[in-house]
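Peer 1: How does the following fold in three dimensions:
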Amino acid sequence: MSQTNQKIAIVIPAYKVGGHICNVLNAVPSGIDYVIVVDDACPEESGKVVEKNSFEQIESLVVLYHQKNRGVGGAVVTGYKKALELGCDVVVKIDGDGQMDLDQIPAIVRPLMLNKADYVKGNRFVDFKALRSMPKLRLIGNSVLSFTLKVVSGNWHIMDPTNGYTEINALALKRINLDEISKRYFFESDMLINLNIHKCVVRDVPMAAFYGDEESSLSVRKVLFQFPFYLLRGFIKRIVLKYFIYDFNMASIYILFGFPMLIWGILFGAYEWWLHATAGTITPTGTVMLSVLPLILGTQLILQAITIDINSIPKKE
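Peer 2: Numbering: from 1, shown residues only. Got it, this is the predicted structure:
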């Protein structure tokens, strides 16, 4: 697949994909050094289904088993650790449900092979045909989530953050703490947050997608009720580590002063408005300015911090 001597592994988390996994493995292109299937306590025994079949084009097939279900993130992390143990340089993560076109692997891993990125992910939002084929609810949810993840992860240039078609190099895998990555549906998003914290370069690669009769593992309920908490926690973690622990720059100053001023302006202004509204009196000009000035200054400082954050997206020299 590549003229370099870099070893490539494919990691496939397997849970309720017994009817698809063999077709996925048959579609694996030649030139892949290892294919690692992680049976995440699958009730359909996907791992055993794989072991009962032969796949001639696969040079080395490894099947791992979890005794308890750990979620897609937990299965992928197990695969990542095994790939590092095997000395792999590039690890491709794909799903076992047959949604992904494996013929795109050479194009998607190329930025890693050429050292132009540390982490590459598919982006279905570049292909108009893919957008038309994407279910409308998923399209809207992905658009909202994409913008939110830009803010939370600091990767302002990416789209389609929940795309499970990803590639990562060994250097990035060794930088981040895999044991701290979210193990379930927030896995892809948490990876993006941690990659930015550790200054790993992330790139999108255009890809097509199709949707068959498989069920999406990302439900609207999980997005609405679970993701906000995870996103807020991830955002706070990134800001604290990136701007107050690992570094301290002008963005740190802007956040340190801008955020308290913004909060004061909002809370004090709301309180004074309620107080004078219930009393039927006019709020004094001085009291109004005590709310408006911190609100304006705080907003300006936060906007400056956002500008610095956008300009600090990790890049390859």
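Peer 1: elements contacting the longest helix anywhere in the chain?
Peer 2: Using DSSP state H to define each element, the chain has its longest helix at helix 250-279. Contacts of helix 250-279 with other secondary structure elements, assessed using 3 or more CB pairs under 8 Å, 6 or more residues apart in numbering; DSSP states H and E, are made with helix 285-311. From N, CA and C alone the C-beta is placed, and that goes for glycine too.
Peer 1: Please state the offset of stretch 43-55 from the chain centre?
Peer 2: Averaged C-alpha coordinates place stretch 43-55 at 29 Å from its chain's average position (CA atoms, centre = their mean, to the nearest Å).
Peer 1: Could you shift the numbering so residue one becomes 16, and keep it that way?
Peer 2: Sure, I'll start numbering at 16, so the last one becomes stretch 58-70.
Peer 1: distance between the ends of it?
Peer 2: Its start and end residues considered, stretch 58-70 measures 23 Å (CA to CA, to the nearest Å).
Peer 1: buried set for that stretch?
Peer 2: Using 16 or more other CB atoms under 10 Å as the burial criterion, the residues of stretch 58-70 that qualify are 59, 61-62, 64-65.
Peer 1: still on that earlier bit, distance between the longest helix of the chain and the chain's centre?
Peer 2: Its chain's C-alpha centre lies 32 Å from the corresponding centre of helix 265-294 when counted by CA atoms, centre = their mean.
Peer 1: Quick one: mean pLDDT for that helix?
Peer 2: Averaged across helix 265-294, pLDDT comes to 95.
Peer 1: Compute the inter-axis angle for that helix and helix 300-326.
Peer 2: Note on geometry: by axes from the mean of the first three to the mean of the last three CA atoms, to 10 degrees, helix 265-294 and helix 300-326 are set 150 degrees apart in direction.
Peer 1: Redo the buried residues of stretch 58-70 as JSON lines? Include secondary structure.
Peer 2: Conversion of these to JSON lines gives the following (DSSP: H, G, I helix; E, B strand; the rest coil):
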{"residue": "Glu59", "secondary structure": "coil"}
{"residue": "Ser61", "secondary structure": "helix"}
{"residue": "Gly62", "secondary structure": "helix"}
{"residue": "Val64", "secondary structure": "helix"}
{"residue": "Val65", "secondary structure": "helix"}
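Peer 1: which of those residues lies closest to Lys83?
Peer 2: Ranking those by separation from Lys83, with CB to CB as the measure, puts Gly62 on top at 14.2 Å.
Peer 1: Phi and psi next, for Asp194.
Peer 2: phi -70, psi -20 (degrees, to the nearest 10).
Peer 1: sec struct for the closest residue to it other than its chain neighbours, please.
Peer 2: Distances taken as CB to CB, 6 or more residues apart in numbering place Val92 nearest to Asp194, at 7.6 Å, with adjacent residues excluded. Here Val92 is helix, with the state taken from three-state DSSP.
Peer 1: Settle this for me: Val92 is touching Asn192, isn't it.
Peer 2: No - because the distance of 10.4 Å does not satisfy CB atoms under 8 Å, Val92 is recorded as not touching Asn192.
Peer 1: Looking at these two, which one has more neighbours?
Peer 2: Set Val92 next to Asn192 and count neighbours by other CB atoms under 10 Å: Val92 wins out with 24 against 9.
Peer 1: Okay, Ile278 and Gly313: tell me how far apart.
Peer 2: For Ile278, the distance to Gly313 (CB to CB, to the nearest Å) stands at 8 Å.
Peer 1: So for these two, which residues contact both of them?
Peer 2: In the contact map built from CB atoms under 8 Å, 6 or more residues apart in numbering, no residue is linked to both Ile278 and Gly313.
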